[in-house]
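J.: what's the 3D shape of this:
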Amino acid sequence: MSLQFILGKASDDHFSKVVDNLHKTSEDREIKSFYIVPNNVKFESELNTLKKLNAKNAATYAQNQVQVFSFSRLIWYFLNGEADYQLPQLSQTAINMIIYQIIEDHEEQLTIYRGEGKQAGFIQQIANQISELQQGNLSPDDLDRLAELDANQINPELRSKLHDISLIYREFVQQTDGKYTYNGANFELLCEYLAKLPDQEISKMHFYFSNFEKFSAQQLQIVQLLIARAHVVMDLTLDRKYDQAGPDENEFFYQSAKVYHYFYQYAKNIGAQIYTDQTATKRSINSGLNQFEEYWIASNEVGKPIPAKIAQNDAIEILKTNNAFEELSQIAIKIRQLVATGKYRYRDFLVATRDLSQYQNIINPIFTMQQIPYFTDIQKHMDNHPLVELIDALFSIYRPNRAQNYSYDDVMRLLKTELLLPKKDEDHYLSLSQYRQDLALCENLVLKNGYTGSRWTQKEDWMYATTTGDENELIDKNVEISKKINVIRHFIKDTLPPFYRKIKKAQTGREAALILYQFLTQNGVASQLKNWQNQATEAGNLQEAGQAEQVWNQFCSILDDYVTVLGDHEFVMDDFLELLKAGFVGASYSQIPSTLDQVAISETGRIQLPDKKITFVMGADDVNMPAKIDNHSLLNDSDRDQMDDFLADDQYMVDTSELQMVSEPYEDYLVFMTPSDKLYFSYNLGGNGDNNLRQISPYVDRIQKQFNLPIQQFKSQPHADSNEIERFLGSDRTTLNYLVQAALDGKKARQPLSPAWKTVKQQLENNPATEIRDLTNNLLGSLHYKNQPVDLRPEIVTNLYGNNLTTSISKLEEFYTDPYEYFLKYGLRLRERDEFEISPANTGQFYHEALDQLIKKVRKENIELTNLDNQAVHELVEEVTRKIIEADVNYQYEILKSSQRMEYITNQLIATVQQMAETLRNQFQISKMRPRATEISFGPGKKYKPLHFKVDDDKQVNVQGRIDRLDSINVNGIDYLGVVDYKSSNKKIDMSEIYDGTAMQMMTYMDAVLENIDLLADSGDARLAGALYMHIFDPILKPGDVKNWEEKVQIEDALLKKHKYNGLLVNDLDLLENVGENKISDVYPFKFKKDGTLAKGSGTISQSNLDNMLKHTEKLIQQAAKQIFAGKISLAPAEYEGNSLIQYSPYKPVMQFDPMLKENNYREIAKLSDEEIFERVRKELESHG
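T.: Predicted coordinates for the structure are as follows:
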């Protein structure tokens, strides 16, 4: 019937001109008007249209005669009562399912895409490609025709693609035609419906199309039909008509000009009436923006003269920051300040960027901190919702015929969704706080013991046990914790196996869908989601409330689609799970603004209404502007170029990446011209350690030079002495944040706050909100905080330690290493949670126990170790170690039986013990010293007494411990007793550390031997032989260690030297001369020179010096106990020879020790010679009597 255009630049008011037309046609009650806009601006356009019509006193007519639609809503409006439209509607999920099954069924017929069906995202790619082909009016027959072109017209790869896509596309059409309807098919239905409408009805319809810069082929068909039968008004952003010749590709308005020319020629060819073009209403905007528009159009079109440079333009500003957080923070502060002037509302602002994902994690915290309402129209996908995680975990926990089920990761993933909660009674679920506590305890036990598989479903309860604290108190505590843990375990045991038994029996997809739905509803998942929705609603978080409801509806929809499409097919669990997950991946939350007054946040590639007063274009850097567009579809740019020459006039594909990039200046122009008052460009350098710093966008660089604009550099760190603080003034919390930073700067620079900052400080301290006042006082007060623990009060000390301190020497060593860590570890009893792993502590314990059991077996069975060959030694060790590993009481070694990898490690551990057994044999062949006892425990209530010291009148300390091995030799009727301590590292005795208190173990053990010497020695005359470290390891020999590798003796000698004891022996010639003969220096740390004297560097100590060091150690024990009882918990980590002794401490995050702080300092351990230490100790003992 007719066509008319409304033309104007982006700076013009197109909307008002459209509404004027709507108002005029609404005066005729027989005319129905349809205002068609892109979907993402439909809601806002509808509100604005009704508002403007109401202002023109046309509201009554507007509601009945004017409809504001997107294309999809237009389809619904006309087809709502049609039989074909009543067919089951295929969602995107259902489409994906059909395509998935098609690929499964036709796998062998595919070529290039064979085997791709299981790849993540492939089904969605195929679905998107078919959708694009449908929108472009390309049928499977068209693809077949293209595939049959000559080899010089299309390449073999494209031919294979077209073959596979056509096969899937054709099968999809055949399976859906007449059975279902969906978006692609709905356009065809609408065309058929409009073509059948009576002339007298459709001729009274007016269709207004606005904000479309291009149309798909299907949309073109709709518009063409309407031009032929109704009245069409096409609103285009275009500076002139293109009624004769079409536009050149280099023209700035190429896209909209191409639309004009196409529809004009079509209307002309069919004889439709073409009315004179209307001109969009002039919009009242800043003159600087008009100047900018004139420049931007001219500078992006070949042949147009560029306007002369302008000295200044107050309508445009450029902001530069160091990183994205600072950039968005400055934008938010600016918005808040402008709203505070009273001239603007939040709805007057648009914040746009090319790629919003670069800011998605900081938008909410920044705008929430600034108390700015906002709405982002970028779709949020559902695939990371806890419900999706729960379903994925549910099907991952157990699979039939899988060797290992109920893994830690899968079970915890399910439990931590907090959608499945145990019941505390028949009608009530466990509270969330109680559930979280019970789950944390359960997780600790699972990690510690490595529970998987049948452990979760066993009948017997799990038992929790800890070994720190009072015995009676521990029994009650362990029982209570065990109950909490088994609440979780019973929940898993009672809830999941019945589901798995049912789902395993499912024969069809319909049965499986019903089983899953019933499981989730019967176990409270739906009700828990409803609780989340209610809680979010009560908190005023409408977006979050909507998500809980939508994700459950989506789940139900996916199941409905699955039953509809695949309900009667054979149930395959893997396929079922993949289709469920794919359904969520393709689903997005519908978003409706929660308030009309809010900042719009969007992307520059999306259509925006030009109804803002201020627009911020952020991310205006060389990475995002112009955007680097990549084609990720199955048909790449090369494919599209090959196909383009063979498409009909009414067929076309989406533009190639190159063509899309050519139109970037125009796409950005539409966003640049959305404001009426001001346009801000902002960019950040991409800091935070990124060496590839970003630069200003070439677009903005040109604009900056054209208008001589200053680039405002914003620094995030406020200075105390600055009065220019406007950019730091936002919400109370934001301003306080910057005030604290300024105050900290002043403290470091020793400068007072400037008058401006003082005013801010005063206003915050007197804020009417109590919360802000208290927060201000607390945060500013923190500037005077020192990371310096204060002494504990006496009553706290008594509660923590009592009056009788029973401890080990290693604990007291830790006190001297760092008193504060001692308090955390043994006062508060903080510790890392145990994990099911083979740790150095585990291996050390295994070595200790293996050597202990080996020596006990040798002694008990009178086995002469020195007479055994290597094979016999290995067999002996194998027997001992296997008993240890297999013993039921040794839970700590369960991990060694958990996997083939652990079996390999077990063999390595046993090999090390075998090597140590060989070493012991070889040492015993040289040394006359023999083990007297192993694992000698001394302490209160034990066979061997503790070291007992009185600290003051009512307090005492008992030192307990366990000596790995006690060797002895009888010389001239005297028993010499020597301490041997096993170490997994190459430990040496250092007198400086002993003197300081950080390495008192060996002195304490020798003191304990003296304390119990009557029980340990055979003769009445017994003395200390010394204390030695034995390094437990399986050494690797180097080429230089052995002269002749063919000689077994040389190899054994080299290994013997690698295991030489480190430590001290008493300088007693009777002992040293009789301890062994040949090669004795390969075993012990001393050597005689030819003249019979000890060589320099021998590890010996005189009896008097040893006695003094033992007394000094006793004094250190008493001093440590005295400080502990005095509540001393200073943060004073020891440092020795430049190395911090807390370097690997797990408590560092708690201690927050920072040597850069004035109050945090290391306690240096002086490195002294042995002679200096002996002299110091002698003098100290003499001075104290």
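J.: Tell me which helix or strand L319 sits in.
T.: Assigned by DSSP states H and E, L319 belongs to strand 316-321.
J.: What is the helix or strand just after that strand packed up against?
T.: As assigned by DSSP H and E, the chain's next helix or strand after strand 316-321 is helix 324-340. Applying 3 or more Cβ pairs under 8 Å, 6 or more residues apart in numbering; DSSP states H and E, we find helix 324-340 packed against strand 316-321, strand 349-353, helix 360-369, strand 612-617, strand 675-684, helix 732-749. From N, CA and C alone the C-beta is placed, and that goes for glycine too.
J.: Quick one, which of these gets closest to L415.
T.: Among the helices and strands packed on helix 324-340, the nearest to L415 by Cβ to Cβ is helix 360-369 (26.1 Å).
J.: buried set for that closest one?
T.: I363, I366, F367, M369 (16 or more other Cβ atoms under 10 Å).
J.: Can you give me the pLDDT of the third one?
T.: Right, F367. Looking at F367, its pLDDT reads 93.
J.: Give me the distance between it and M618.
T.: Relative to M618, F367 is positioned 13 Å away (Cβ to Cβ, to the nearest Å).
J.: How about the second one?
T.: I366 is 12 Å from M618, where distance means Cβ to Cβ.
J.: which one of the buried residues of helix 360-369 sits closest to D597?
T.: F367 (13.7 Å).
J.: residues in contact with that closest one?
T.: Neighbour list for F367: A332, P373, Y374, V599 [criterion: Cβ atoms under 8 Å, 6 or more residues apart in numbering].
J.: And these, which two are furthest apart?
T.: Most distant of these, by Cβ to Cβ, are A332 and P373, 11.6 Å apart.
J.: quick one: which of those two has more around it?
T.: Using other Cβ atoms under 10 Å, the more surrounded residue of A332 and P373 is A332, with 25 against 15.
J.: Dump the helices and strands packed on helix 324-340 to CSV, plus distance to L1024.
T.: Listed next are these as CSV, based on distance: least, Cβ to Cβ, whole Å:
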stretch, distance to L1024
strand 316-321, 71
strand 349-353, 77
helix 360-369, 65
strand 612-617, 80
strand 675-684, 70
helix 732-749, 57
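J.: Would you tell me which of those gets closest to D650?
T.: Here strand 349-353 is closest among these (Cβ to Cβ), at 33.9 Å.
J.: Now do that closest one: everything it contacts.
T.: Contacts of strand 349-353 (Cβ under 8 Å, 6+ apart): 331, 335, 338, 359, 374, 599-604, 608, 612-619, 624, 671, 674-675.
J.: Which PyMOL command selects the buried ones in the residues you listed?
T.: With 16+ other Cβ under 10 Å as the criterion, this PyMOL line picks the buried residues out of these:
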select buried, resi 331+335+338+359+374+599+600+601+602+603+604+608+612+613+614+615+616+617+618+619+624+671+674+675
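J.: list residues touching both of I366 and M618?
T.: The contact sets of I366 and M618 overlap at L328 (Cβ under 8 Å, 6+ apart).
J.: Output the longest helix belonging to this protein.
T.: helix 471-505 (DSSP state H).
J.: for that helix, which positions count as buried?
T.: Neighbour counts using 16+ other Cβ under 10 Å place 478, 481-482, 484-489, 491-492, 496, 499-500, 502-503 of helix 471-505 among the buried residues.
J.: how close does the closest residue to Y816 other than its chain neighbours get to Q1123?
T.: What sits nearest to Y816 in space, not counting adjacent residues and going by Cβ to Cβ, 6 or more residues apart in numbering, is G997, at 3.5 Å. Look at G997 and Q1123: by Cβ to Cβ, they are 11 Å apart.
J.: Neighbour count for these two, which is higher?
T.: Each of G997 and Q1123 has its neighbours counted (other Cβ under 10 Å); G997 has more, 21 against 18.
J.: give me the low-pLDDT residue ranges for the protein?
T.: Across the chain, residues meeting the criterion (pLDDT under 70) sit at 57-64, 466-475, 592-593, 687-691, 888-891, 1185.
J.: so who does C556 touch?
T.: Contacts of C556 (Cβ under 8 Å, 6+ apart): Y517.
J.: swap that for I75, please
T.: I75 sits next to N186, F187, L189, L190 when contact means Cβ under 8 Å, 6+ apart.
J.: part of a helix, is the third one?
T.: This points to L189. Yes. According to DSSP: H, G, I helix; E, B strand; the rest coil, L189 belongs to a helix.
J.: Numbering from 30 from now on, please.
T.: Will do, 30 is the new start, and the previous item becomes L218.
J.: burial count for it?
T.: Burial of L218 is recorded as 17 neighbouring residues (other Cβ under 10 Å).
J.: Spell out which residues sit in contact with it, please.
T.: I104, L108, E111, D113, Y114, T210.
J.: one step back: how near is the residue nearest to Y845 to N1091?
T.: Taking Cβ to Cβ, one finds G1026 at 20 Å from N1091.
J.: now I532
T.: 62 Å.
J.: now do E1143
T.: In this view, E1143 and N1091 are 24 Å apart by Cβ to Cβ.
J.: what's the burial count for L609?
T.: 22.
J.: Quickly find the element holding it.
T.: helix 602-614.
J.: relative orientation of that helix and helix 500-534 in degrees?
T.: 100 degrees (axes from the mean of the first three to the mean of the last three Cα atoms, to 10 degrees).
J.: Let's see helix 602-614 as CSV, backbone CA atoms only.
T.: Output of helix 602-614 as CSV, limited to C-alpha atoms (Å, rounded to 0.1, in the frame of the first residue of the first chain):
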residue,chain,number,x,y,z
MET,A,602,22.6,-41.1,31.6
ASP,A,603,25.6,-39.3,30.1
ASP,A,604,23.4,-37.8,27.3
PHE,A,605,20.7,-36.9,29.8
LEU,A,606,23.2,-34.9,32.0
GLU,A,607,24.8,-33.2,29.0
LEU,A,608,21.4,-32.1,27.6
LEU,A,609,20.4,-30.7,31.0
LYS,A,610,23.6,-28.8,31.3
ALA,A,611,23.3,-27.5,27.7
GLY,A,612,19.8,-26.3,28.5
PHE,A,613,21.1,-24.1,31.3
VAL,A,614,24.1,-22.9,29.3
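J.: same for that helix, what does it pack against?
T.: If contacts are counted by 3+ Cβ pairs under 8 Å, 6+ apart, helix 602-614 sits against helix 121-134, helix 151-164, helix 415-426, helix 538-551, helix 571-595.
J.: quick one: strands adjacent to whichever helix or strand comes after it?
T.: Downstream of helix 602-614, the next assigned helix or strand under DSSP H and E is strand 628-632. Strand 628-632 pairs in its sheet with strand 378-382 (parallel), strand 403-405 (parallel), by DSSP bridges.
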